[in-house]
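# A predicted structure for the sequence below; I have some questions about it.
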Amino acid sequence: DVKVTQSSRYLVKRTGEKVFLECVQDMDHENMFWYRQDPGLGLRLIYFSYDVKMKEKGDIPEGYSVSREKKERFSLILESASTNQTSMYLCASSGGGPPTNEKLFFGSGTQLSVL
Amino acid sequence: AQKVTQAQTEISVVEKEDVTLDCVYETRDTTYYLFWYKQPPSGELVFLIRRNSFDEQNEISGRYSWNFQKSTSSFNFTITASQVVDSAVYFCALSGTNTGNQFYFGTGTSLTVIP
């Protein structure tokens, strides 16, 4: 069964902490994405990557960075967590070809609370 | 500009009723793709369907059907004889050749099926 696995389902952090959200996929997908989901706003793209060591900014990259050292792993980093980064974070991956043609496979999400 | 509008924020139906979820999109692309995803309470978005802009045929899959109408820029989703397991948040999404490798998601419709 193909899977996108996010390391934590729930996470509570303090303001100013550095936070790492990990995502691993086992489908050998080239493309990986980080979204944040907020009520009434739908899903907003933070960053995506179409290859190892490659990254592209999405709509809301401020306050975030990413790392993709291996094909199967895409990490989202909150350099200094703030309360407005409290949200549900969703990782997704998709197969070859233009990313926008292929369906996304999602992880179960990480609900991050920044206090 | 690319945009997806799901005007229905929340819908409640009684089990076995039919329900239609609306999706209206805006795009300047001539080639684009439309998607529906389901997000059950577990949190993981699951792909339901993808249509490209050149294929306006309606599609039926079991109790699910989709009505794609380019003339009204709509891609509506109907569940026939709804069941409690259909309770979820449903997202419509758009991607196109000029979206910069992004998907544009609607804000989602939360469907509750009452037994």
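Arrived safely. Numbering: from 1, shown residues only, chains lettered A, B, ... in the order given.

# for chain A, give me its nearest residue in chain B.
B:Ser95 (3.4 Å; C-beta to the nearest C-beta). No exception for glycine: its C-beta is placed from N, CA and C like everyone else's.

# which other helices and strands contact the helix or strand in which that residue is found?
In the assignment (DSSP states H and E), B:Ser95 maps to strand B:88-96. In this structure, strand B:88-96 packs against strand A:42-49, strand B:3-5, strand B:32-39, strand B:74-79, strand B:104-105, strand B:109-114, with contacts taken as 3 or more C-beta pairs under 8 Å, 6 or more residues apart in numbering or on different chains; DSSP states H and E.

# residues in chain A within reach of chain B, list them.
Chain A comes close to chain B at residues A:9, A:31, A:35, A:40-45, A:48, A:50, A:56, A:58-59, A:88, A:90, A:92, A:98-101, A:103-109, as judged by C-beta under 8 Å from any C-beta of the partner chain.

# what's the burial count for A:Ser108?
17 (other C-beta atoms under 10 Å in any protein chain shown).

# low pLDDT regions in chain B?
Along chain B, the model assigns pLDDT under 70 to residues B:98-101.

# chain A: strands as residue ranges?
Using DSSP state E, the strands of chain A run over residues A:4-6, A:10-13, A:19-21, A:23-25, A:31-38, A:42-49, A:56-57, A:64-70, A:73-78, A:87-94, A:105-106, A:110-114.

# ok so, going back, now do the strand holding B:Ser95 against strand A:31-38, angle only.
Angle, strand B:88-96 to strand A:31-38, by axes from the mean of the first three to the mean of the last three C-alpha atoms, to 10 degrees: 130 degrees.

# now do the contacts for A:Val52.
A:Arg68, A:Glu69, A:Lys70, A:Lys71 (C-beta atoms under 8 Å, 6 or more residues apart in numbering or on different chains).

# now the buried members of these.
For those, a burial check counting by 16 or more other C-beta atoms under 10 Å in any protein chain shown picks out A:Arg68, A:Lys71.

# adding distance to B:Glu10 and pLDDT as columns, could you present the contacts of A:Val52 in TSV?
Formatted as TSV, these follow (distance: C-beta to C-beta, whole Å; pLDDT from 0 to 100):
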residue	distance to B:Glu10	pLDDT
A:Arg68	37	95
A:Glu69	41	94
A:Lys70	41	95
A:Lys71	39	94
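
# max pairwise distance over the contacts of A:Val52: which two?
A:Glu69 and A:Lys71 (9.2 Å; C-beta to C-beta).

# could you check whether stretch B:53-69 is close to chain A?
No: Stretch B:53-69 stays clear of chain A (C-beta under 8 Å from any C-beta), getting no nearer than 11.5 Å.

# who touches that stretch?
B:29-34, B:36, B:48-49, B:51, B:70, B:74-83.
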